[in-house]
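Peer 1: sequence below, structure please.
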Amino acid sequence: MSAAQFIQNAWNRQAKWLIVLRPLSWLYRGGFLLNQSLYKAGLKQSYTAPLPVMVIGNITVGGSGKTPLLIHLVNYLQSRQVKVGVISRGYGGKGPFPAYVGSAAAAEAVGDEPMLIVQSTGVPMAVGPNRQKSIELLLSRHALDLIICDDGLQHWALERQLEWIVLDNNRGLGNEKLLPEGYLREPKSRLQSGTVIEHAAAPELPLNMHLEESAPYLLNGNAAKLFNPEADFYAVSGIGFPQRFYQTLKNMGIRQFQCHEFPDHYDYEIDDLQFEDSNPIITTEKDAVKILPLLKRHPDFQREIWVVPVEAVLSPACYETLRQQLAQLGITLHEGSH
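Peer 2: Just a heads-up that it's a prediction; the model follows:
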């Protein structure tokens, strides 16, 4: 087990020993507040794009459902004739940056989540640690109405007009402590300064979402083969909050699966997919982005790999709020369907 997985498990269990990390959390808080104050005082310069910027992020480490939400919003905005572009840090990608995420891009260069976003939407997208350069790269190729920044809620170097903060109430805020004692990137009070989208099966807020799974599809082998939920699977995942994936499998009626977790944005090797028997693998779409190129390099790999697609389902209030917010920025949503 890696150090990252060890502390992730401790956060999820709210382990008592995490209190020994409190001095480091104080240090993190001090550095975070200092950096924020430098931007507010103008001692550090932030970039204002020539078009509106919407940030979709969270205040926690690990998966919150942010990427499915972004994919859904991009598809929705495109259906309403809004010309949208997406930028991202490109976590897990090796660059060089800034990089344009086209259909021929490789996940190892631009990151797994950007590849999944582009494959799911066809949206113009650029990645890199310098968000200004990513925006400039997009604008050099496309005429856009809106930039959506995937994550980057804590990236004060980029000015933004809208912030949607995904609050995963399935996972909660843990012990509500900042890194590394807890898994908060920012204090809980940060939720008061953005549009909070509650991710929950039984939401309490009018602005809410949940994830809905579709029928699994086969990544390799005979595409016409029917999925058998009674099979014994290896559940392979390298995502921020794998417990949600396991719960999804249970909701689908899959009871027999062995969990094999890897760090978020993990670069798979073929040996990671080898087991003593021939039982199939089941995984997420984000992982499939990394696994598919691996299978192409190893055409003799025979084990079935099933992929579970999920889609964000938003409450009606989310669409109305988005319409009002974009209208204030001069962006009109034309008639369509969602």
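
Peer 1: how far does stretch 122-136 sit from the chain's center?
Peer 2: Offset of stretch 122-136 from its chain centre (C-alpha atoms, centre = their mean, to the nearest Å): 16 Å.

Peer 1: list the buried ones in it?
Peer 2: Within stretch 122-136, the residues that count as buried by 16 or more other C-beta atoms under 10 Å are 123-128, 130-132, 134-135. Any C-beta I mention is one placed from the backbone N, CA and C, and that applies to glycine too.

Peer 1: output the helix or strand hosting residue 250 as CSV, restricted to C-alpha atoms.
Peer 2: Assigned by DSSP states H and E, residue 250 falls within helix 242-251. In CSV, the C-alpha atoms belonging to helix 242-251 read as follows (Å, rounded to 0.1, in the frame of the first residue of the first chain):
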residue,chain,number,x,y,z
PRO,A,242,-13.0,4.3,-4.9
GLN,A,243,-15.7,3.6,-2.3
ARG,A,244,-18.2,5.3,-4.5
PHE,A,245,-17.3,2.9,-7.3
TYR,A,246,-17.8,-0.1,-5.1
GLN,A,247,-21.2,1.2,-4.0
THR,A,248,-22.2,1.6,-7.6
LEU,A,249,-21.3,-2.0,-8.3
LYS,A,250,-23.5,-3.1,-5.4
ASN,A,251,-26.3,-0.9,-6.6
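
Peer 1: tell me which other helices or strands that helix touches.
Peer 2: strand 208-213, strand 233-237, strand 257-261, strand 305-308 (3 or more C-beta pairs under 8 Å, 6 or more residues apart in numbering; DSSP states H and E).

Peer 1: turn these into a markdown table, columns for mean pLDDT, distance to residue 42 and mean neighbour count.
Peer 2: Listed next are those as a markdown table, based on pLDDT from 0 to 100; distance: least, C-beta to C-beta, whole Å; neighbours: other C-beta atoms under 10 Å:
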| stretch | mean pLDDT | distance to residue 42 | mean neighbour count |
| --- | --- | --- | --- |
| strand 208-213 | 96 | 36 | 18 |
| strand 233-237 | 98 | 43 | 22 |
| strand 257-261 | 96 | 44 | 16 |
| strand 305-308 | 98 | 47 | 22 |
